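>>> Predicted model, plus sequence, below.
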Amino acid sequence: MTLTDDRLVIRRPDEHLLVIRKPDDWHVHLRDGEMLGHVVNATARQFARAIVMPNLKPPVTTTAAGAAYRDRILAAVDPALDFTPLITCYLTDGIAGDELARGHGEGVFTAAKLYPAHATTNSAHGVTDVAQIRDALETMQRIGMPLLIHGEVTDSHVDIFDREAVFIERTLIGLVRDYPELKIVFEHITTAEAVAFVEASGANVAATITPHHLAINRNAMFEGGIRPHLYCLPVLKREKHQLALRKAATSGNPKFFLGTDSAPHVASTKETACGCAGCYNAPFALESYAKTFDEEGALDRLEGFASDFGPDFYGLPRNTGSVTLERTAVTVPERIGDVVPFHAGETLGWRFAGA
Ligand code: DOR
Ligand code: ZN
């Protein structure tokens, strides 16, 4: 197998070790309070940096709130780990471009997140129409601050499995046309339509892909009964979309990079009559991605996806350290505290062997 980087990817002759540049997670929910303390080190041990989502209660909408949240995250990180949280601002109708520019200029906000109002967890304060955030978008385009998009329409008449594809038609095409220089990350894409849209767009448009949308499709949500821990948003789609995502992620196209969308909820809030959306994949994130890339015969492309293309798109330096993955059986626990992790009870073929 060819090496992606003579310096950093060392495939031993026995092919049991994979060493790649230290990766980053370009989309994660670290939560706050007790849950923050419970989950943050799972991310901090595998990733050097992470784009942290702002859908807290209340959402992170000001520079002061962003700086305070960053401090709470850093206080919860194991001091032995070298981890930098990158904070995002939650966009609301009428939000001032000046506040975003200030937060960006002060190094608090790396990016801003567009949640269509009521699209997902804690999105009630989200944007009702992109016309309501023109000032923010003009400012972000001017200062080079990336816009991160949860790309689903919220129209209840649109089938839930079509909401991403319809968002492209109704919102994204116009947004990209009206703000041609704006850096856009189409987050956690789930459809062949999203892959095609990103591929056909300019270099200012990229996408993140989660471990779960690569590993499974909507059948898994109903295998032998309803599986609430596999319910996330955007919801898992049919197999042809999963295959399109697997092809995109392992293609080596720098427009597609790693974003786990790890979204922990305590088990009791998922195993209930109206369960929360989100998969907690952080504890075995790299192992899960490695399994997919291995199955696709693309281990030599994991480093680009996990460690190179994200920082290149954001205009940040690539990390200098490395992580090692070992080809050996690892069983994912059924529960980690009160949270059921993605792949619970399964045995994966790769082990995270440290940074
Ligand atoms: O499944 C999801 N969970 N999708 C989202 O967009 C939000 C996230 C959460 O915060 O729980
Ligand atoms: Zn998310």
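Right, received. Where do you want to start? Ligands and ions are numbered 1, 2, ... in the order given.

>>> For E199, which three-state class applies?
Under the three-state scheme (DSSP: H, G, I helix; E, B strand; the rest coil), E199 adopts helix.

>>> how deep is it tucked in, by neighbour count?
For E199, the neighbour count with other C-beta atoms under 10 Å is 14. For every residue, glycine as well, the C-beta is placed using N, CA and C.

>>> Over to A80?
The burial count assigned to A80 is 8, neighbours taken as other C-beta under 10 Å.

>>> Would you report the backbone torsion angles of it?
Dihedral pair for A80: phi -80, psi -10, per degrees, to the nearest 10.

>>> Same question for A112.
Dihedral angles phi and psi of A112 (degrees, to the nearest 10) take the values phi -130, psi 150.

>>> V266 versus that one, what's the distance?
28 Å (C-beta to C-beta, to the nearest Å).

>>> cool, and R318?
R318 sits 36 Å away from V266, taking C-beta to C-beta as the criterion.

>>> how about the helices in this structure?
For the chain, helices defined by DSSP state H occupy the ranges 33-46, 63-76, 97-105, 134-143, 163-167, 173-178, 192-200, 211-215, 239-249, 285-295, 302-303, 309-314.

>>> residues in contact with the fourth one?
Going back to what we said before, that points to helix 134-143. Helix 134-143 is contacted from outside by 91, 94-98, 100-101, 104-105, 112, 130, 145-147, 175, 178-179, 181-183, using C-beta atoms under 8 Å, 6 or more residues apart in numbering.

>>> What of the fifth one?
Counting by C-beta under 8 Å, 6+ apart, the neighbours of helix 163-167 from elsewhere in the structure are 116, 151-155, 158, 189-191, 193-194, 234.

>>> now do the last one
Judged by C-beta under 8 Å, 6+ apart, the contacts made with helix 309-314 from elsewhere in the structure are 23-24, 26, 110-111, 146, 183, 185, 206, 254-259, 317-319.

>>> cutoff 7 Å now
Residues from elsewhere that reach helix 309-314 (C-beta atoms under 7 Å, 6 or more residues apart in numbering): D24, W26, P146, A206, P254, F257, L258, P317, R318.

>>> For it, give the mean pLDDT please.
Averaging pLDDT along helix 309-314 yields 98.

>>> Check the fifth one too.
Computed over helix 163-167, the mean pLDDT rounds to 98.

>>> try the third one
What helix 97-105 shows for mean pLDDT is 98.

>>> Check which residues of it are buried.
G97, E99, L100, A101, G103, H104 (16 or more other C-beta atoms under 10 Å).

>>> do stretch 159-169 as well
In stretch 159-169, the ones that count as buried by 16+ other C-beta under 10 Å are F161, D162, R163, E164, A165, V166, F167, I168.

>>> so how far is the first residue of it from its last?
15 Å (C-alpha to C-alpha, to the nearest Å).

>>> on that earlier part again, what's the closest of the helices of the chain to G349?
Closest to G349 of those is helix 285-295 (C-beta to C-beta; 5.9 Å).

>>> Which strands and helices lie in contact with the closest one?
helix 211-215, helix 302-303, strand 322-331, strand 347-352 (3 or more C-beta pairs under 7 Å, 6 or more residues apart in numbering; DSSP states H and E).
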